[in-house]
Structures are given as C-alpha cells and as structure tokens.
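# need a structure here:
(2 chains)
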Amino acid sequence: MAEKITPRSVDYSQWYIDIVLNAKLADYSPVKGCMVVRPRGYAIWERIQAAYDKRFKETGHQNCYFPMLIPMSFLQKEKDHVKGFKPELAVVTHGGGEELDEPLCVRPTSETIIWSMYKNWIQSYRDLPLLYNQWCSVLRWEKRTRLFLRTAEFLWQEGHTAHETEQDAVEETMRMLDVYREVAEQVLCLPVIAGRKSESEKFAGAVATYCIEAMMQDKKALQAGTSHFLGQNFGKAFDVQFQTREGKLDYAWATSWGVSTRLIGAVIMTHSDDKGLVLPPELAPEQAVIVPIYKTETKAAVLAYCEKLLGELKTAGVRAILDGDESKSPGWKFAEHEMNGVPLRIEIGPRDMEAGKAMVARRDTGEKAPLEVAGLPAKAVELLAAIQKNLYEKAKAFRIENTKPVASREELLAFYGKDQGEEAGTAVATGGFAEGRWCGDGTCEAALKAETKVTIRCLPLDRQEGVGGNCCLCGKPAKHLAVFARNY
RNA sequence: CGGGCAGUAGCGCAGGGGCUAGCGCGCUUGGUUCGGGACCAAGAGAUCGGAGGUUCAAAUCCUCUCUGCCCGACCA
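Residues are numbered from 1 along each chain as shown, chains lettered A, B, ... in the order given. Below you'll find the predicted structure:
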C-alpha cells in the first residue's frame, strides 16, 4: 500500500496521526474519544510496562487490582480532588435494568477507592509503608482527544503508597519520580526534565506534584509522568489513622504516581521522521528484519542463507524476523519496515551471499553498509545499542538547541514569536523551552498563559539553588527557576 | 461546549435530482518478476456515516444526529 505520510513541515498533527495509523499502532474506536490499541502498539506498551514494573518491584512495590467502579460519594470526600475530576467523570446510574441507589463513577484515578480500603488495612505503624501499584485503565471524559496523547480511556499504572511520616512519603514521591526519569531516558530514549509543578498545574488533591517533561519535535512540551506527594489529604478524607511508635494517633501520609500510554505518543513524536515510525531498539517489537532478494533460480540458496543468519541473530538475543513474503517486492518491504520503525534492516541477495556479506541499514540514520555475515549477530547487538544511544543523544541535542534563557518579558515574547499560536496546518511551533526566573505568583503565570498559551511546565529540581534576580514576567524578586513552554 | 472542514468498496478520491454509482491503490486467483513501494490477465468487494423528510424519482435537496480532523474554551 502506498499510503503517504504527511511531512512534519506541512502539518505536524497530521504527520503524527499518519504514523499512528499507518504503523498500525492504534485505531479509532466506535466510541468517541476512545482508541483501539493494535498489536504493534500494544507490544510497545508491554515493553514499557515490563521496564517500569521491574523497577517498581525492585523498589519494594507489589501489584494489585482495585475495582473500576467507585461510589460517587467517595470522590466527594476530598474537596480539591472532586473539584478537579468532576467535569471528567463518567457515571453509571443503572445496573441490571434498575436505577442504582448510589451512582457509581468509572475511575478517573483510584485514590479514593484505594484509601477507602487502606482504612481497613492500616492500624499501626507496623502496617506501613504500604507500597501498592496497579496496572489498569482509567476513564476521563475528554473534550478533545488525540490517539495516545489524550484519550478518554487510557492504559496506565497508578502507584498508591501510605507512609508513617511526611519524610517517608516525600522520599517515596522523589524515588518514583527518579524511576520515571531513568526508564524514560534509558529505555524510551526520552531526555526529560524532572521538576515540580506550579500550584496551578498541580494534581487535584495533592500537596505537591512532580513531573518529567519532554520536548517533542514541534518544540512543545509533553508531560510524560507525574509523582504526587499527597500529604495527609487522603488519610484525613478517609480517616486512615494509625498508632505511631509513640503510641499516639496520626493520619497516614500518601503518595501516588502514574505513567500512561501517553508515553507511546511521546516516543513517536520524539524520534520518528517523515518515513514513519522510529523506535528505540529496546521498545521495538522487532529489532531486525531480514529482507531476502532473489530470482527464481537463486531463491532456495538465498533463503537458506537468510534462515541461518536469522537463527544466529536470535541466539545472540536479537529480536529478528525474516520477511519471506513472496507477494511483495524488496522495495516495498524496505518502505514497510521503515514505516513500522524496525531499527535494523538486513538485505541479502545473491551478490551478498557470494561475498559472505549482508547489507545492513540503520533506521535512525539511514546509513547502509555491507557487513561480513560471520560477525553479524555480534555487530547487530552493537548497532542496536548505538541506535539506542543515538536516539537519546539526538533528542537531547534538539532540546538543548531549542532551549533559551530569558530574562525579561520582552525576550520571552520574542522567543515565541509575535503572532502567537500556530496557523492551521503548519503546526511546528516557534520557540521551545524558555528558562526564566519566576516570582512564584500564580497571577503572573495566568496572565502569560492567557496572552500566549505559554505555561510553566515545571520548576526543574536541580536548578533551584541560589536563584537570585527578578521574575522575568513581573520584575519582582524571583524565587524559582522555571521552564516555560507551550504544551500538549 | 463554540467556529471551520470532512464522511461514497479495506484506503485515497470522483460524481451534487434520472435509468447498471465510477476511478486509482489494496484484496482474491493464475502466470511472469524480485538490489528502494514490479507487471499482465481474470475476479470479488458499496444498502453512498445514521435517522427522518421533500419528490414520480435522492449518494445528490431539506432537517436532525453520529464520528473524525483543524482552531478555540476546558483539562491529567
């Protein structure tokens, strides 16, 4: 099939949709705002899950499962929480043909139902910490949806922990933020900025929200994961009291943290090009594809040569496939596997066979070179590692290139261009990340957002020491170093 | 939820009151091909997004509705 991908320079949004659809990662569902994750997309999700789940276990967490339906009254117990989520709730009012006594909402997140249970399970400091996680889907009635980036129902994981002390909970919040950062960088090749959210961007019900923010190729920011310090808000709302070491009563301290299938969107928008999907080898369902090239009389020999190599690649730990489809020409297969983001393509024809070689092409750089087939499996492992590294480095260089320190309002406005926003159909934004000092006043931030749609993405954790000078927006003394950007 | 655009075969499109709804790609079958999206031949595939209405006659006109995309408002 000759589907064309809209080039990024023409329409970035359409390019993204073209990739998702053509690479068969997901499709629209009959239900508005929902998506079907297809096997190729789900395989990527499984790899993301595996990487995170391993680290959750290593940091002492256990998986569990809580119900999808939550009594409406539970949501109402924490006032900020209900205020934040009410507009996005789906509510079940009937069951078995009869109206329910109490409506049930489909979880938009599970703090409330989980803490209603924690009340029963926590009596003493000896019961703490409670370190639970669940992989599930949640539903938020979104007005405007985009495949993977914002859908009504999405897959995610939510960690919910209860602690004895404030310090323990804060440490947990930061520990999981660091797990998010590490996997994003090492496995997804996403350079991210770890930071704290401003008050206005905080999770409904949290004391503090921390996040990892990534820059997409259109220079907009994407929140890739969040970790919340919930204080005693839910402990109090659900009356989760425990006896302390001193014999007194105290409310449990809480955290929650989540990453979602949005990460797949982040990977696509960070690495892919106009030929299609580009995937970090660690995430790629297939890491190498062998494309045999033969004429009728050379077919058997070429295929045998390919089969042998395929076996060796697998033995070396490479997820390799042989594309033996006889109804497609080699050229078609090249384009197809590029569309699908297979990191390495190995072309083998009679000429290579005679020379004891194979033509190896890298998806990330497009480089193509004949390699000795004898050492190829080991070389493939090296190349995959090199691609993994290159994708991260390239994305990081792009972010640095498009990050600018700003000292004044004028500089900031100039960075984002006079005419704010994007024209329809030319969705590559001006600007990028602006780094500026900030007074910490929410009105300052709100005014900027109203005028330019630029918001404070986060206050980077490692850049807050000795922030002096004045707010780049209002000129008053600054308290923080902030990263500004337009965002998804 | 507001403004704009679009829904006709799996995909991309044409047809804008009239008789059997076309085309390209893809798909099926057979054959020839095979180093960057091959070719020939023969086939299959559509209640024209849905509902209602106007009419002798509706894919085509009218009303409502659903879905997607872009822009805005809202937002983990």
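# domain assignment for chain A?
Following automatic domain parsing, chain A resolves into domains at A:12-271, A:288-384, A:403-485.
# Any chance of those in JSON lines with mean neighbour count as columns?
(Each C-beta comes from the backbone N, C-alpha and C, glycine too.) Shown next, in JSON lines, are those (neighbours: other Cβ atoms under 10 Å):
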{"stretch": "domain A:12-271", "mean neighbour count": "19"}
{"stretch": "domain A:288-384", "mean neighbour count": "17"}
{"stretch": "domain A:403-485", "mean neighbour count": "17"}
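# which of the ones you listed has the lowest average pLDDT?
Lowest mean pLDDT within the domains of chain A: domain A:403-485, a mean of 84.
# ok, which residues in the stretch 301-450 of chain A are in contact with RNA strand B?
Residues of the stretch 301-450 of chain A lying close to RNA strand B by Cβ under 7 Å from any atom of the strand are A:326-336, A:338-339, A:345, A:347-353, A:359, A:361, A:366, A:368, A:421-422, A:424-425, A:427.
# where exactly do the helices run in chain A?
In chain A, the segments counted as helices under DSSP state H are A:12-22, A:39-58, A:72-75, A:79-85, A:111-121, A:166-186, A:233-237, A:262-271, A:299-315, A:330-339, A:350-355, A:376-401, A:409-415, A:442-452.
# Surely A:Phe66 and A:Trp115 touch.
No. Assessed by Cβ atoms under 8 Å, A:Phe66 is found out of contact with A:Trp115, at 10.3 Å.
# Would you list the phi and psi of A:Pro30?
Main-chain torsions, A:Pro30, degrees, to the nearest 10: phi -70, psi -20.
# now the farthest one out in chain A, which residue is it?
Note on chain A: the largest C-alpha distance from the chain mean falls to A:Glu297, namely 48.6 Å (Cα atoms, centre = their mean).
# residue nearest the centroid of chain A?
Compute the mean C-alpha point of chain A, and by Cα atoms, centre = their mean the closest residue is A:Leu263, 1.9 Å away.
# Up against RNA strand B, what does the stretch 51-200 of chain A have?
A:84-85, A:87-88, A:108-109, A:140, A:142-147, A:150.
# Between all of those residues, which two are at the greatest distance?
Across those, the longest distance by Cβ to Cβ is 24.4 Å; it joins A:Gly84 and A:Leu147.
# Output stretch A:44-64 in CSV, but only the C-alpha positions, please.
What follows is stretch A:44-64 as a C-alpha-only set of coordinates in CSV (Å, rounded to 0.1, in the frame of the first residue of the first chain):
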residue,chain,number,x,y,z
ILE,A,44,5.4,-1.4,22.7
TRP,A,45,3.2,-0.8,25.7
GLU,A,46,4.2,-4.3,27.1
ARG,A,47,7.9,-3.4,26.8
ILE,A,48,7.3,-0.1,28.6
GLN,A,49,5.3,-1.9,31.2
ALA,A,50,8.0,-4.5,31.7
ALA,A,51,10.7,-1.9,32.2
TYR,A,52,8.7,0.0,34.7
ASP,A,53,7.2,-3.0,36.5
LYS,A,54,10.7,-4.4,37.1
ARG,A,55,11.8,-1.2,38.8
PHE,A,56,8.6,-0.9,40.8
LYS,A,57,9.3,-4.4,42.2
GLU,A,58,12.9,-3.6,42.8
THR,A,59,11.8,-0.6,44.9
GLY,A,60,9.5,-2.8,47.0
HIS,A,61,6.1,-2.4,45.4
GLN,A,62,3.5,-5.0,44.9
ASN,A,63,0.9,-5.1,42.2
CYS,A,64,-2.8,-5.4,43.0
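# contact partners of that stretch?
The list of residues contacting stretch A:44-64 from outside it, by Cβ atoms under 8 Å, 6 or more residues apart in numbering, reads A:25, A:37, A:131-135, A:155, A:157, A:159, A:161, A:175-176, A:179-180, A:182-183, A:187-188, A:259, A:261, A:263-264, A:267, A:279, A:282-285.
# who touches stretch A:348-361?
Contact partners of stretch A:348-361, identified using Cβ under 8 Å, 6+ apart, comprise A:290-295, A:298, A:301-302, A:305-306, A:309, A:334, A:344-347, A:367-374, A:376, A:379-380, A:383.
# and with 6 Å instead?
Stretch A:348-361 has contacts (Cβ atoms under 6 Å, 6 or more residues apart in numbering) with A:292-293, A:298, A:302, A:305-306, A:345-347, A:368, A:370-373, A:376.
# Between those, which sits nearest A:Gln76?
Using Cβ to Cβ, these come closest to A:Gln76 at A:Arg345, 55.8 Å.
# For the closest one, give its distance to A:Pro330.
As for A:Arg345, its distance to A:Pro330 is 10 Å (criterion: Cβ to Cβ, to the nearest Å).
# repeat for A:Trp141
Distance, A:Trp141 to A:Pro330, by Cβ to Cβ: 47 Å.
# Same check on A:Asn340?
A:Asn340 is 16 Å from A:Pro330, where distance means Cβ to Cβ.
# try A:Lys314
In this view, A:Lys314 and A:Pro330 are 22 Å apart by Cβ to Cβ.
# cool, and A:Val183?
Taking Cβ to Cβ as the measure, A:Val183 and A:Pro330 are separated by 36 Å.
# just to revisit the earlier point, which of the contacts of stretch A:348-361 sit farthest apart?
Across those, no pair lies farther apart than A:Thr298 and A:Lys368, at 21.1 Å, counting by Cβ to Cβ.
# For A:Leu130, which non-adjacent residue is closest in space?
A:Ala162 (4.2 Å; Cβ to Cβ, 6 or more residues apart in numbering).
# Okay, the one you found and RNA strand B: tell me how far apart.
Computed as Cβ to the nearest atom of the strand, to the nearest Å, the A:Ala162 to RNA strand B distance reads 20 Å.
# All set, thanks.
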